[in-house]
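Participant: 3D, please:
(one chain, ligands or ions: 1)
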Amino acid sequence: MNDKKLIFSGIQPTGTFTLGNYIGAVRNWGPLQDEYNCIYCVVDMHAITVRQDPAKLRQNTLNSYALLMACGIDPEKSILFIQSHVKTHAELNWILCCNTQFGELSRMTQFKDKSQKHPDDINAGLFTYPSLMAADILAYNADLVPVGVDQKQHLELARNVAQRFNQRYGDFFTVPEAYIPKVGAKVMSLQDPAKKMSKSDDNPNAVILILDDKDTIIRKFKRAVTDSEAEVVYREGKDGINNLMTIYSSVTGKDFAAIESEFAGKGYGDFKLAVGEAVADHLEPVRTEFARISQDKAFLKECYTAGAEKALKYSQRTLSKVYRKVGFVDAR
Ligand code: AQP
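Facilitator: This is a model prediction of the structure:
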């Protein structure tokens with residue numbers, strides 16, 4: 001590789017990406033490819049921390065891979081692969097688990113939220129999820145990790161683990177920095193604007209999926225929960241409107257002041273329709289591109305196989321050094 005900085009990020013194949021995944025993370029990944037060395041992956045091993053239907057997981061993984069390409073990630077420019085194809089992630093995870101404290105994992109809000117949501121399956125993988133995420137990032141000594149704000153706590157943990165390892169075994173891992181967008185780092189549910197928009201939300205009206213058609217997108221925005229005022233302004237206490245303004249700003253590039261004057265004197269109905277149309281038009285090329293790419297299964301396979309080979313070669317070098325540092329005997 002050259003001396004450009006290295007970016008790593010991943011997304012779980014737990015369903016079709018939401019507008020939150022898109023604005024907060026994925027749509028920022030493509031433009032980074034010219035300035036950085038980029039490594040992106042579909043993190044299917046993370047997905048099974050919550051119970052998945054195997055056939056659906058397989059399909060969602062392939063769709064997620066094609067969706068990343070449809071969102072502008074070019075497997076010629078970036079290393080794009082499926083996490084379970086690269087065994088070094090699981091191997092490094094074990095070493096990092098042994099350098100992660102029970103107390104710090106216990107403080108993770110995602111663990112608390114998901115334990116509450118799935119009380120019948122609070123498994124060890126869900127608990128150690130952040131160690132695997134640290135392995136994903138540290139296996140490539142990534143400098144920057146573009147994520148939404150909900151992943152900031154996990155990234156902090158990855159930084160702590162890297163620092164702890166460096167203290168114990170001598171400077172080795174790059175301590176990664178979060179790369180969080182200024183607008184849209186946390187897109188909220190359309191039905192409960194106090195909660196983030198999530199792929200796994202049970203209420204379909206709460207979530208815009210990036211493959212939803214135009215009518216569906218407009219219908220969901222029309223039903224979005226707002227407030228009893230009729231003023232399109234960004235202000236504390238107006239969570240629903242603030243969220244819609246954030247979304248509108250993200251897809252049009254207009255700032256909040258411009259949005260406020262555009263809708264001065266108009267009602268929420270006009271505003272919701274405008275947001276719906278802007279989002280649908282913005283996502284249209286992604287839908288078209290996904291339809292094209294996802295049909296060509298042989299090409300997809302070629303891409304993810306080549307991506308995994310490159311990722312394995314790269315991360316194996318890191319893992320071999322880590323094995324030596326912790327005192328494992330060379331296998332050869
Ligand atoms: N609502 C959001 N707003 C902004 N960014 C978001 N991200 C997720 N939700 C929002 C960012 O998307 C990237 C991929 O996330 P993930 O799939 O790895 O896991 P997640 O954060 O748990 O996403 P979901 O949609 O909520 O999935 P489920 O429902 O399966 O748990 C990350 O960079 C994340 O910050």
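
Participant: Just give the nearest non-adjacent residue to whichever residue of the stretch 201-332 of the chain sits closest to the ligand, would you?
Facilitator: Going by CB to the nearest ligand atom, the ligand is nearest to D201 of the stretch 201-332 of the chain, at 6.8 Å. Any C-beta I mention is one placed from the backbone N, CA and C, and that applies to glycine too. Among residues not flanking D201 along the chain, V207 sits closest, at 5.0 Å (CB to CB, 6 or more residues apart in numbering).

Participant: you'd agree that neighbour is up against K196?
Facilitator: No: counting by CB atoms under 8 Å, V207 sits too far from K196 to count as a contact (10.2 Å).

Participant: list residues touching both of the two?
Facilitator: Common neighbours of V207 and K196, using CB atoms under 8 Å, 6 or more residues apart in numbering, are G20, S189.

Participant: Between the two, which has more neighbouring residues?
Facilitator: V207 (23 against 19; other CB atoms under 10 Å).

Participant: helix/strand/coil for D3?
Facilitator: Secondary structure, DSSP: H, G, I helix; E, B strand; the rest coil: D3 is coil.

Participant: What about it, how many residues nearby?
Facilitator: D3 has 5 nearby residues by other CB under 10 Å.

Participant: Equivalent analysis for L283, please.
Facilitator: L283 is flanked by 24 other residues according to other CB under 10 Å.

Participant: Torsion angles phi and psi at the residue nearest to it when sequence neighbours are not counted?
Facilitator: Nearest residue to L283, sequence neighbours excluded (CB to CB, 6+ apart): I210, at 5.4 Å. Reported as degrees, to the nearest 10, the phi and psi values for I210 are phi -70, psi -10.

Participant: Next: H118.
Facilitator: Main-chain dihedrals, H118, degrees, to the nearest 10: phi -130, psi 70.

Participant: residues from the chain in reach of the ligand?
Facilitator: 11-12, 14, 18, 20-21, 24-25, 147-148, 150-151, 185-187, 196-200 (CB under 6 Å from any ligand atom).

Participant: now the helices for the protein?
Facilitator: With DSSP state H as the criterion, the chain has helices at 19-21, 27-29, 44-47, 54-70, 88-97, 102-106, 109-117, 124-138, 152-169, 214-222, 239-252, 256-262, 268-295, 297-326.

Participant: and I39, how many neighbours?
Facilitator: For I39, the neighbour count with other CB under 10 Å is 24.

Participant: So what sits opposite it in the bridge?
Facilitator: On the basis of DSSP bridges, I39 is bridged to F8, I79.

Participant: how close does it get to P54?
Facilitator: 27 Å (CB to CB, to the nearest Å).

Participant: swap in F165?
Facilitator: 34 Å.

Participant: In terms of neighbours, single out the busier of those two.
Facilitator: Each of F165 and P54 has its neighbours counted (other CB under 10 Å); F165 has more, 23 against 8.

Participant: give me every residue that touches that one.
Facilitator: F165 is in contact with L96, N99, F172, F173, counting by CB under 8 Å, 6+ apart.

Participant: which residue sits closest to the last one in space, ignoring its chain neighbours?
Facilitator: To tie it back to what came earlier, the one meant is F173. Leaving aside its chain neighbours, F173 sits nearest to A162 (4.0 Å; criterion: CB to CB, 6+ apart).

Participant: show me the contacts for that neighbour.
Facilitator: Shown in contact with A162 (CB under 8 Å, 6+ apart): A134, L138, F173, T174, V175, P176.

Participant: Noted, bye for now.
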